[in-house]
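Asks: what's the 3D shape of this:
(one chain, ligands or ions: 2)
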Amino acid sequence: PSVPASPRLTSSSSPPERKSSIIKAVLFDLPAAQSVRYVPDGLLVIEAGQVKAFGSYGALQHQYADVPMTHYLDRLIVPGFVDTHIHFPQTEMIAAFGTQLLDWLERYTFPTEAKFKDPDYAQRITAFFLDELLKNGTTTALVYGTVHPESVEAFFAEAERRQLRMIAGKVMMDRHAPDYLCDTPESSYAESKRLIERWHGRGRLHYAVTPRFAVTSSAEQLRLAGQLLAEFPDVYLQTHISENLHEVAWVGSLFPEAQDYLDVYDRAGLVGDRSVFAHGIHLSDREWARLHAAKSAIAFCPTSNLFLGSGLFQLKQACDRAIKVGLGTDVGGGTSFSLLQTAAEGYKVCQLQQHTLSAFQALFLATLGGARALSLDAQIGSFDVGKEADFTVLHPRATPLLALRNPQGTPESLEALADRLFSTIMLGCDRVVWATHILGESVYQQVSI
Ligand code: GUN
Ligand code: ZN
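Replies: Residues are numbered from 1 along each chain as shown. Ligands and ions are numbered 1, 2, ... in the order given. Purely as a prediction, here's the structure:
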């Protein structure tokens, strides 16, 4: 196979036709954390954007002889990646030098987020951001807007046009931020409510109530966020928790009545089975136990945690306690849109704690594990019949180095597959994403010379 030239984004302005198609390739998914479903000579049959059949070419080809087939030779197809924590307005300030969380927010983040009052600007960055997700094989994400409802309007409109399964919300933030970025408890409640009524459940879109973190919300604002969750029980809650030690200490002094950081959110009714907390690096035993009891999820964001010097997330602890975990890029605190690179840094974070993250476990976190963390495992995350056909075509020999590392031909055992996947994760980036399909349709395809 040839080395890819510059990537091209295929037009996605017209909705995919509700037709049948077949993909032939090496296919695998992770139907559970400890199990791999590997079909070296596989067929994926898609009808009306959903998986109609998944199995071996030999078993299925006769049944679907008339259906048009795309053959991805020497490629690995996996379910689309799920990013459980990312800020679209921070795209342009990724990789900002020299500071840790609280200073980084003031110096870089807040001035950048101020630009999103302008709907045209928000639209332009949204389009760039969604192109970047698709180039990296990410098909679903839980996304922060800014405090401006315009930012979320722009995001949902563009995601709807591309028929993507996305969750997003307007930041609620009424203190400890510049005046030009602050709302009030009442305005944040009313604006969030309007956005929920307009967008939640429309097509493949969902709303997440989004208090930025306990530092930037008054108790009254958190209470009103909880009221929104009570009024709309199937919307999500996303926020940050226990990322940085200075932040944790500040939250302790702002909310002296709370037992700990999680309790600040709990007292406002924000800790439930649709709550996704980013980071969770410095959690107490009580907080871990409470997250488990509440069936809440954590977004593990290793590139961000290393870049901002926040600390090492204890993935083993989360797994031992059966807490739902997904991977988050946390762009722009995170330094890559790629969930492959994110998984690679996650592997190193585990290594520093004498814990070994396998390639399959890492891919589980990036696919069905992430879908579970977002309560979307009935819709996405694996090739189960009836699921939405969002998937990613990987090219494990995309660069000269990868071609040297990975021999030609199909892996003949699970060990060989694990080795190929591991090297693709460790050395991978957007160049190993050969194509991305949404509801069965190719929306991104690298161009070969
Ligand atoms: N805590 C509060 N806001 C943010 C943010 O924008 N990024 C990260 N990484 N942490 C936060
Ligand atoms: Zn974040």
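Asks: and the residue of the chain nearest ligand 2?
Replies: When Cβ to the ion is the measure, the chain has its nearest residue to ligand 2 at Asp330, with 4.5 Å between them. For the C-beta atoms, the positions are set from N, CA and C on the backbone; glycine is no exception.
Asks: Give me the pLDDT for the nearest residue in space to Glu150 that is not next to it in sequence.
Replies: Nearest residue to Glu150, sequence neighbours excluded (Cβ to Cβ, 6 or more residues apart in numbering): Pro119, at 4.5 Å. At Pro119 the predicted local distance difference test score is 97.
Asks: neighbours around Pro119, how many?
Replies: The criterion is other Cβ atoms under 10 Å. On that basis, Pro119 has 15 neighbouring residues.
Asks: sorry, back to before: quick check: the residue of the chain closest to ligand 2 vs Ala141, distance?
Replies: As for Asp330, its distance to Ala141 is 11 Å (criterion: Cβ to Cβ, to the nearest Å).
Asks: list residues touching both of those two?
Replies: Each of Ile86 lies in contact with both Asp330 and Ala141 under the rule Cβ atoms under 8 Å, 6 or more residues apart in numbering.
Asks: ok so, going back, run a quick check on the residue of the chain closest to ligand 2 versus Ile94, I expect a contact.
Replies: No. Judged on Cβ atoms under 8 Å, Asp330 makes no contact with Ile94 at a distance of 10.1 Å.
Asks: Please enumerate the helices of the stretch 1-150 of the chain.
Replies: Secondary structure of the stretch 1-150 of the chain (DSSP state H, counting those that start in this stretch): helices at 57-60, 101-104, 110-113, 119-135, 149-161.
Asks: just the angle between the last one and helix 119-135, please?
Replies: Which is helix 149-161. Compare the direction of helix 149-161 with that of helix 119-135 by axes from the mean of the first three to the mean of the last three Cα atoms, to 10 degrees and you get 40 degrees.
Asks: Let me see the contact set for His206.
Replies: Residues near His206 by Cβ under 8 Å, 6+ apart: 166-167, 200, 235-236.
Asks: I'd like the distance between the spatially most central residue of the chain and Leu339.
Replies: The geometric centre of the chain, computed from its C-alpha atoms, lies nearest to Asp83 (Cα atoms, centre = their mean), at 0.8 Å. Applying Cβ to Cβ, one obtains 6 Å for the distance of Asp83 from Leu339.
Asks: same question, Arg223
Replies: When distance is defined by Cβ to Cβ, Arg223 is 35 Å away from Leu339.
Asks: before we move on, what about Glu220?
Replies: As for Glu220, its distance to Leu339 is 37 Å (criterion: Cβ to Cβ).
Asks: Of those two, which one has the most company?
Replies: Set Glu220 next to Leu339 and count neighbours by other Cβ under 10 Å: Leu339 wins out with 33 against 14.
Asks: mind pulling up the phi and psi values for that one?
Replies: Phi and psi for Leu339, reported as degrees, to the nearest 10, are phi -70, psi -20.
Asks: Which residues are in contact with it?
Replies: 81-83, 136-138, 327, 329, 366.
Asks: circling back to that earlier point, residue contacts, the residue of the chain closest to ligand 2?
Replies: Contacts for Asp330 were tallied using Cβ under 8 Å, 6+ apart; they are 85-87, 278, 299, 301, 303-304.
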